[in-house]
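*Asks:* turn this into a model:
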Amino acid sequence: MIGNVGNGLWKVLVALIAVSAVIGAADMSPQLAPVDESPPTPELALLMGDLQRLTHKLALSADAGNAELAAFYLHESQEQLRKIQSEAPEYENIPVALLIDRLAHPAFAPMQEAVTAKDVKRMREGMNAIVQACNACHTATQHAFIRITPGTEVNPFNQSFAP
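*Replies:* All right, here's what the predicted structure looks like:
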């Protein structure tokens, strides 16, 4: 009988040692950091890449003299500018929304007039003004290494821009 009691005590002792080892291991584990629930910062390069694609198609449409297609891409480009202002008003301490208001929106206005008038020469001039505004913004934000061109000498899209 004493052997049975001793055997039972032994099992209890082993169980207590196992529990204390688990508790001790839990105390030594690193604490989990709280989850950051703030929304992620949008990647400006991706937003600008969409703008570049749209304005390139605008340039190809204008160069081809297709005012109807140019009007479409002009609208889409301006929508993308507003999206950028909304989603990334400031990026890495750069006042993106303000720069768009001061440089981009004014540069798009002559293009709107040229497209409405269906004036191919003025559309090409308007496109050049937009490109200059992009590059002026890049210079102002110390990103002058990003140089935009109208890109009308090459059409990488599987789309015709002719009217």
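
*Asks:* ok, the residue nearest to residue 101 when sequence neighbours are not counted - contacts?
*Replies:* Nearest residue to residue 101, sequence neighbours excluded (Cβ to Cβ, 6 or more residues apart in numbering): residue 85, at 7.6 Å. C-beta here means a position set from N, CA and C on the backbone, and glycine is covered the same way. Taking Cβ atoms under 8 Å, 6 or more residues apart in numbering, we find residue 85 in contact with 96-97, 100-101.

*Asks:* for the strand or helix carrying residue 55, which positions count as buried?
*Replies:* Assigned by DSSP states H and E, residue 55 belongs to helix 44-63. Going by neighbour count (16 or more other Cβ atoms under 10 Å), the buried part of helix 44-63 is 44, 47-48, 51-63.

*Asks:* which elements pack onto that helix?
*Replies:* helix 67-87, helix 105-117, helix 120-140 (3 or more Cβ pairs under 8 Å, 6 or more residues apart in numbering; DSSP states H and E).

*Asks:* what residues does that helix touch?
*Replies:* 69-70, 72-74, 76-77, 80-81, 83-84, 87-88, 91-92, 96, 111, 114-115, 120, 123-124, 126-127, 130-131, 134, 148, 150-152, 155, 157, 159, 161.

*Asks:* for residue 98, which three-state class applies?
*Replies:* Secondary structure state of residue 98, per DSSP: H, G, I helix; E, B strand; the rest coil, is helix.

*Asks:* got the contact list for it?
*Replies:* Not one residue lies near residue 98 by Cβ under 8 Å, 6+ apart.

*Asks:* ok, residue 104 - how many residues close by?
*Replies:* 22 (other Cβ atoms under 10 Å).

*Asks:* for it, give its distance to residue 161.
*Replies:* Per Cβ to Cβ, to the nearest Å, residue 104 is found 22 Å from residue 161.

*Asks:* check the burial of the residue nearest to residue 87 when sequence neighbours are not counted by counting its neighbours.
*Replies:* Distances taken as Cβ to Cβ, 6+ apart put residue 42 closest to residue 87, at 4.5 Å, once the chain neighbours are dropped. Taking other Cβ under 10 Å as the neighbour definition, residue 42 ends up with a count of 14.
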